[in-house]
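> I'd like to go over a predicted model; first the sequence, then the structure.
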Amino acid sequence: MTVLGLRVNPRRHGPSAQSSNSSQDEKDDIDFVVMSYDVGHEKPSREIFDAAKHLVHSVTGYEDHGDRFIHVGDDIMKDFNGAKQAGWGSVLLDREGNHSKHGTQEQQTVTSIVDLRDLRYYISPDATPGS
């Protein structure tokens, strides 16, 4: 991700996790990274999604009060179904449009990251894009 010019905080899950060296004046584009080898599980295992929730709390102090977390990924089994089974909201990134025609109300599908600009639509099933 740094190759793309993004500032990535080195914070990771687990005992080998690195702490942030970012100055308060610098804002990271990505606050943490969850690696399957740090967690000991990989998607679609719930443990990797739980590790991400834990890191959100450690970075922001945010407490999970039943609010929705959203995972965006391009693999229907590992990303979309794994996130759903972990209790997360899930959006399938289907760049080729292979799954779009099979989408259901429960299967949120986009063909581009740009389509995620209005996250309220993906958080609340009652919201509509642009509302």
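Nice, thanks for sending it over. Residues are numbered from 1 along each chain as shown.
> number of residues surrounding the nearest residue to residue 2 once chain neighbours are set aside?
Sequence neighbours aside, residue 8 is the residue nearest to residue 2 in space, at 5.6 Å (criterion: Cβ to Cβ, 6 or more residues apart in numbering). For the C-beta atoms, the positions are set from N, CA and C on the backbone; glycine is no exception. Residue 8 sits with 15 neighbouring residues when counted by other Cβ atoms under 10 Å.
> ok, residue 8 - contacts?
The contact partners of residue 8, by Cβ atoms under 8 Å, 6 or more residues apart in numbering, come to 1, 2, 28, 29, 30, 33.
> those in helices, which ones?
Among these, no member falls in helices (criterion: DSSP state H).
> please report how far residue 11 lies from residue 31.
Note on residue 11: its distance to residue 31, by Cβ to Cβ, to the nearest Å, is 7 Å.
> name the SS class of residue 109, please.
Of the three states, residue 109 takes strand under DSSP: H, G, I helix; E, B strand; the rest coil.
> just the pLDDT at it, thanks.
Each residue has a pLDDT score; the one for residue 109 is 86.
> just for the chain, where's the confidence low?
15-25, 64-67, 100-107, 119-131 (pLDDT under 70).
> repeat that for 80
Across the chain, the ranges flagged by pLDDT under 80 are 1-4, 14-26, 62-68, 99-107, 117-131.
> okay, which residue is most central for it?
residue 71 (3.5 Å; Cα atoms, centre = their mean).
> report the strands that pair with the host helix or strand of residue 91, each with its relative direction.
Per DSSP states H and E: residue 91 is located in strand 89-93. Strand pairing for strand 89-93, determined by DSSP bridges: strand 70-73 (parallel), strand 108-110 (parallel).
> neighbours of the nearest residue to residue 63 once chain neighbours are set aside, how many?
Spatial nearest neighbour of residue 63, excluding adjacent residues (Cβ to Cβ, 6+ apart): residue 57 at 6.8 Å. Other residues near residue 57 come to 12 when the count uses other Cβ under 10 Å.
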